[in-house]
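**Q** got a predicted model here, sequence first, then my questions.
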Amino acid sequence: MESEIYAYFQLIGMEFDPDDVTAKVGIKPTEIWRIGDLITSRGTRRHKQNGWSVYSQVEKSIYLEDYIKSVLEQLQPGWLPLVELCKVYTAEISCVIYYRSGSVPAIHFDKYLVEMAHQLNAEIDVDFYVLPEEVSAA
């Protein structure tokens, strides 16, 4: 397994239904959840807040920035109402990198990306996991 990268935007903490976010911004989310929904289908932990998220649509890149820009492009059609919601609720751009071998993914945030995150009043979270090498069966 080579490195796996993804990024997503999430808005959490709304006291109203996440479908209302979809209606206000006119963007179809990748995922929504409501207070009390299971966090994973196999687990028992439940969400404590309502949430709305959009995931990157990049097929394969070694640049984390490509994944974040994919998310920002998807948010553009509803940018202004989304910016207003982000003034009140918690916004985050989350990035996850699973690294096993090969090229080390590049982590760089250009001025455009930083400005867009600022407009969204969003935090940027990067989780970088180094996984052990796979052992091939002989």
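**A** That came through, no problem. Quick caveat, the model's predicted, so the values are computed rather than measured.
**Q** C-alpha only now, for contacts and for neighbours.
**A** Will do.
**Q** burial count for residue 4?
**A** 15 (other CA atoms under 10 Å).
**Q** which pLDDT value belongs to it?
**A** As predicted, residue 4 sits at a pLDDT of 85.
**Q** which residue sits closest to it, ignoring its sequence neighbours?
**A** Spatial nearest neighbour of residue 4, chain neighbours left out: residue 98 (5.0 Å); criterion: CA to CA, 6 or more residues apart in numbering.
**Q** for the closest residue to residue 51 other than its chain neighbours, grab phi and psi.
**A** In space, and not counting its chain neighbours, residue 51 is closest to residue 12: 4.3 Å by CA to CA, 6+ apart. Main-chain torsions, residue 12, degrees, to the nearest 10: phi -130, psi 160.
**Q** check the gap between residue 12 and residue 77 for me.
**A** Relative to residue 77, residue 12 is positioned 20 Å away (CA to CA, to the nearest Å).
**Q** for the two, indicate the residue with more neighbours.
**A** residue 12 (20 against 13).
**Q** coming back round to it: the residue nearest to residue 4 and residue 131 touch, don't they?
**A** Yes: using CA atoms under 8 Å, residue 98 is in contact with residue 131, at 6.8 Å.
**Q** which of the two has more residues huddled nearby?
**A** residue 98 (17 against 13).
**Q** could you check how far that one is from residue 22?
**A** 30 Å.
**Q** same question for residue 68.
**A** For residue 68, the distance to residue 22 - CA to CA - is 20 Å.
**Q** tell me which of these two has more neighbours.
**A** Neighbours were counted for residue 68 and for residue 22 using other CA under 10 Å; residue 68 has more, 24 against 17.
**Q** these two touch, right, that one and residue 58?
**A** No: contact criterion CA under 8 Å: residue 68 and residue 58 do not qualify, at 9.2 Å.
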